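Colleague: sequence plus predicted model, see below.
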Amino acid sequence: MSSSQTTQSARPALVDAVPKDLFIGGSWQQATSGKTFDVLDPATGEVLCAVADASPEDGRRALDAAVAAQPAMAALSPRQRADILTRAFDLLHQRIDDLAALMTAEMGKPLAEARGEIVYAAEFLRHFAGEAVRIDGGFQVSPAGDARFLITKQPVGVALLITPWNFPMAMGTRKLGPAIAAGCASVIKPAPQTPLSMLALIDILREAGLPDGGVNLITCTDAGGVLEPMIRSGLARKLSFTGSTKVGRILLEQCAEKVLRTSMELGGNAPFLVFDDADLDEAVTGAVQAKMRNMGEACTAANRIYVQSGVIDEFGRRLAARMAELTVGPGTGDGVQVGPLIDAAALTKVTELVQDAVDRGASVLTGGVPLGGRGYFYPPTVLSGVPREARMSDEEIFGPVAPLTPFEDEDDAVALANDTEFGLVSYVFTNDLRRALRMAERIESGMVGLNQGVVSNPAAPFGGVKQSGLGREGGAIGIDEFLETKYIGIAMPK
Ligand code: NAP
């Protein structure tokens, strides 16, 4: 295998500097039980530090603090909210080296990718600073001419924000940006594997001028036990969740009781289609990006690669060669392009999914065996001839594994692409404009990448259809997830 694995790993100074407690009502506080849990470095499996483990009582205190702060958040002028976000944007850029090192330590991604995520995360703050001052309304004459309609938008109220571990900073700013821009106080709960980036962001938001209680943060190991009473209390009016479809379904049920507004950014199973008229080098580059960003641990990751039968062998050869050249190692290593998976469970899952595909007849073009040693490393892998019955046709791989399957024509490609309960993103590579548009219209996904392997952009509406979610984050409409529309009818007898 030409993937090389380096062994060095370093603990950045910011791990010690970052607060480890709960942030409630504007102050850092220990968990009432005094309990903590460990955060591990996925490159070594060693403990980085311990953070506070909130109880349901702590969750309730955080929620009460947000409720108390809601009037002050709503009373900030649009410009004041925009200025907080703009200052936070500047601070993220000023501290990018430290924040990237912190993210690599807790999540494993290579430093260059961590820097890229800080830039991406900061962009949500800048984008929503712009949206804060553009919240619009309307004025209308009633059809009968006997009344006037005033239409205005107000913050939805206190928001609960739950984020996953794969983009520790960006998944937070993608929610906090619009929440603050809309004037919503919030409680955020990052994933237990990667709480440090959000803990660092809290200090930045404070420095940027956020009112006490405007954002509260809890970290915990019993997410269900802590969050469920908060959701069912009805004190929050909004839940914005990013994570698996399985957990999203549970949360939707809980939200139903008090009819909370919900935004659900859930799982994906992205099809990546390559037609025989595509530029194969561009398609290979796109596939490497769509597959290997974040070590394949992305909801947008190409999960099923379908290639037209006339070019699949050549595509497979070129993709396997490019994947085999990638350097695997701790994210802090020089030239490392592929870091470790997040934890032992992720490594086991990827290993099992590859074994399952091979048992059902797939061939390994490169990779295919865990690298062993310290940390949770799996090599870039390409499989050909992956049959429909393979588990990875239905399940998110969330690892650096590219499964190839042939298709014959457009109808075949559409049927394969849509044969999933998910509908987050799809990718189509073709040089035929009409075919590209036909495919984009026929594939059931919230986003489509045409001849490009990365679609995420804070200025574009991100989100899925089918069981990939509800609502959109980013773009001009992202702030609407945190706003209610109010109509005021004014009698105007003729
Ligand atoms: P997850 O297991 O669903 O967890 C996501 C978050 O929810 C974590 O903070 C988790 O905390 C918390 N959680 C779990 N059970 C909960 C419950 N009963 N009540 C309240 N909170 C609960 O997902 P993950 O493994 O962290 O992330 C990977 C998944 O996220 C993938 O499916 C991926 O596709 C999806 N994702 C989607 C997007 C998108 O924009 N559509 C973006 C990124 C990731 P604990 O870990 O403590 O349980």
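Modeller: Looks like it came in fine.

Colleague: for V414, give its distance to the ligand.
Modeller: Applying Cβ to the nearest ligand atom, to the nearest Å, the value for V414 to the ligand is 22 Å. For glycine as for every other residue, the C-beta is placed from the backbone atoms N, C-alpha and C.

Colleague: now that residue: which helix or strand?
Modeller: Counting by DSSP states H and E, the element that carries V414 is helix 410-417.

Colleague: for that helix, buried residues please.
Modeller: The neighbour-count check on helix 410-417 (16 or more other Cβ atoms under 10 Å) flags E410, A413, V414, L416, A417 as buried.

Colleague: same check on stretch 125-137?
Modeller: Under the neighbour-count criterion of 16+ other Cβ under 10 Å, stretch 125-137 has L125, R126, H127, F128, A129, E131, A132, I135 buried.

Colleague: cool, and stretch 371-378?
Modeller: Under the neighbour-count criterion of 16+ other Cβ under 10 Å, stretch 371-378 has L371, R374, G375, Y376, F377, Y378 buried.

Colleague: let me know the angle separating the helix or strand following the helix holding V414 from helix 410-417.
Modeller: Sequence order places strand 425-429 as the next helix or strand after helix 410-417, per DSSP H and E. For strand 425-429 against helix 410-417, the angle by axes from the mean of the first three to the mean of the last three Cα atoms, to 10 degrees is 150 degrees.

Colleague: give me the beta-bridge partners of L22?
Modeller: On the basis of DSSP bridges, L22 takes part in beta bridges with Q29.

Colleague: what residue in the stretch 101-250 of the chain comes nearest to the ligand?
Modeller: Here the stretch 101-250 of the chain gets closest to the ligand at one residue, G243, 2.7 Å apart by Cβ to the nearest ligand atom.

Colleague: for that residue, phi and psi?
Modeller: In terms of degrees, to the nearest 10, the main-chain angles of G243 are phi 170, psi -150.

Colleague: related to what we said a few turns ago, can you tell me which of the buried residues of helix 410-417 comes closest to the ligand?
Modeller: Using Cβ to the nearest ligand atom, those come closest to the ligand at A417, 17.3 Å.

Colleague: quick check: buried residues in the lowest-mean-pLDDT helix or strand in the chain?
Modeller: Lowest on mean pLDDT, DSSP states H and E among the helices and strands of the chain sits helix 13-17, with a mean of 89. The neighbour-count check on helix 13-17 (16+ other Cβ under 10 Å) flags L14, V15 as buried.

Colleague: then stretch 257-277?
Modeller: 260-275.

Colleague: for E408, see how far away the spatially most central residue of the chain is.
Modeller: By Cα atoms, centre = their mean, the chain has its centre lying nearest to M171, at 4.7 Å. M171 sits 38 Å away from E408, going by Cβ to Cβ, to the nearest Å.

Colleague: now the helix or strand where G489 lies: mean pLDDT?
Modeller: Secondary structure assigned from DSSP H and E places G489 in strand 483-491. Throughout strand 483-491, pLDDT has a mean value of 98.

Colleague: kindly report the same for stretch 258-272.
Modeller: 98.

Colleague: looking at this, L239 is in a strand?
Modeller: Yes - under DSSP: H, G, I helix; E, B strand; the rest coil, L239 falls within a strand.

Colleague: you'd agree it is up against L260?
Modeller: Yes - contact criterion Cβ atoms under 8 Å: L239 and L260 qualify, at 5.2 Å.

Colleague: next, the spatially closest residue to I188 that is not a sequence neighbour: secondary structure please.
Modeller: With Cβ to Cβ, 6 or more residues apart in numbering as the criterion, I188 has its nearest non-adjacent residue at 4.2 Å, and that residue is L161. Per three-state DSSP, the secondary structure class of L161 is strand.

Colleague: L161 touches A191, doesn't it?
Modeller: No - the pair L161 / A191 is not scored as a contact, 11.9 Å apart, by Cβ under 8 Å.

Colleague: these two: which is more packed in?
Modeller: The neighbour comparison of L161 against A191 (other Cβ atoms under 10 Å) goes to L161, with 27 against 21.

Colleague: need the contact list for the more buried one.
Modeller: Contacts for L161 (Cβ atoms under 8 Å, 6 or more residues apart in numbering) come out as G172, K175, L176, A179, S186, V187, I188, K189, S240, F241.

Colleague: just give me the neighbour total for E421.
Modeller: 11.

Colleague: hmm, I was thinking of D83
Modeller: Number of residues near D83 (other Cβ under 10 Å) recorded here: 17.

Colleague: how about the helices of the protein, start to end?
Modeller: Secondary structure of the chain (DSSP state H): helices at 13-17, 56-75, 78-94, 96-107, 111-132, 170-182, 196-207, 223-233, 245-257, 280-292, 312-325, 344-359, 410-417, 433-442.
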